[in-house]
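# I would like to see how this sequence folds:
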Amino acid sequence: MKSRWVVFVGLGLLLSPSLPTSAGSPEADAKAFVQKFYDAYMPMVQAEKDAPASNDVIEKMSADFDPVLLAGLKEDAAAAAAAPEGDEVGLDFDPFLDSQDPADRYEVKSVSKKGTTYLADVYCVTEGKMSDKPCVVPELVQDNGKWRFVNFDYPEGGDLKTVLVQLKAEREKTSN
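Presented below is the predicted three-dimensional model:
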C-alpha cells in the first residue's frame, strides 16, 4: 500500500505543470514548455470561433507571457474588438503561428540559448510532412523557475513585438 502511495505522489509531482523541472537541461525544459504550449493552443486554433484563438491565450495562458508582450497583445486585441465592423485593425495573422492558415500541428525540434533568452525552432507539420525550416521561433526566458515567452520571431522576417509596436503607431497616427 505504501509503495502505491509513493508512486501516486511521485507521478503527481512529475506531471504537475506548475512546478519547475530540474531533471533536464534548460534547453530540454524550454523545449517541453514550448511543445506543451503548442499542443494546448492548436485545439483553440482549430475550433470554429468568431474571435482569434490568440485572444483565448491572452485570457487563459497569460502567465506564460512576459508582461510587456502580454500588454501589447491585450492592447492590440482591444483595438481590434473596438474597431467598426469591416475595418482591419490589429494583427491580421496568428501571432504564435506566423500564419493565416495553420498547419495540422507544430513540433519543437530544437532549442538554443542566445544570451539570456532561449530560442525554440518550431516546425509546421501538414499531412504528416514537416516543413524544411522553422515556421516560427518563440523566444523565452526562465524567471524564478517559470518559463515565459518574451517574443515570437518570424523566419521570413520580423517579430511579434515589432509588429505590435508598428500597429500601435499606425493606430495613433490615424486617430490624430
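# Val163 against Leu91, yeah?
Yes - taking CB atoms under 8 Å as the definition, Val163 is a contact partner of Leu91 at 7.0 Å. All C-beta spots, glycine's among them, are computed from the backbone N, C-alpha and C.
# Need the residues touching each of the two.
Between them, Val163 and Leu91 share no contacting residue under CB atoms under 8 Å, 6 or more residues apart in numbering.
# Now do the SS call for the residue positioned nearest the centre of the chain.
The residue lying closest to the centre of the chain (CA atoms, centre = their mean) is Phe96, at 5.0 Å. Following DSSP: H, G, I helix; E, B strand; the rest coil, we place Phe96 in the coil state.
# ok, it to Val111 distance?
Remark: distance between Phe96 and Val111 (CB to CB, to the nearest Å) = 16 Å.
# Give me the helices and strands touching the longest helix along the chain, please.
Scanning the chain for the longest helix, with DSSP state H as the assignment, gives helix 26-46. For helix 26-46, the elements it packs on are helix 53-60, strand 105-114, strand 117-126, strand 137-143, strand 146-153, judged by 3 or more CB pairs under 8 Å, 6 or more residues apart in numbering; DSSP states H and E.
# Specify the stretch among the ones you listed that is closest to Pro43.
Closest approach to Pro43 among the helices and strands packed on helix 26-46 (CB to CB): helix 53-60, 8.9 Å.
# show me the contacts for the residue nearest to Phe65 when sequence neighbours are not counted.
Nearest non-adjacent residue to Phe65, counting by CB to CB, 6 or more residues apart in numbering: Phe149, 5.1 Å away. Residues in contact with Phe149 (CB under 8 Å, 6+ apart) are Phe37, Asp64, Phe65, Asp66, Leu69, Pro138, Glu139, Leu140.
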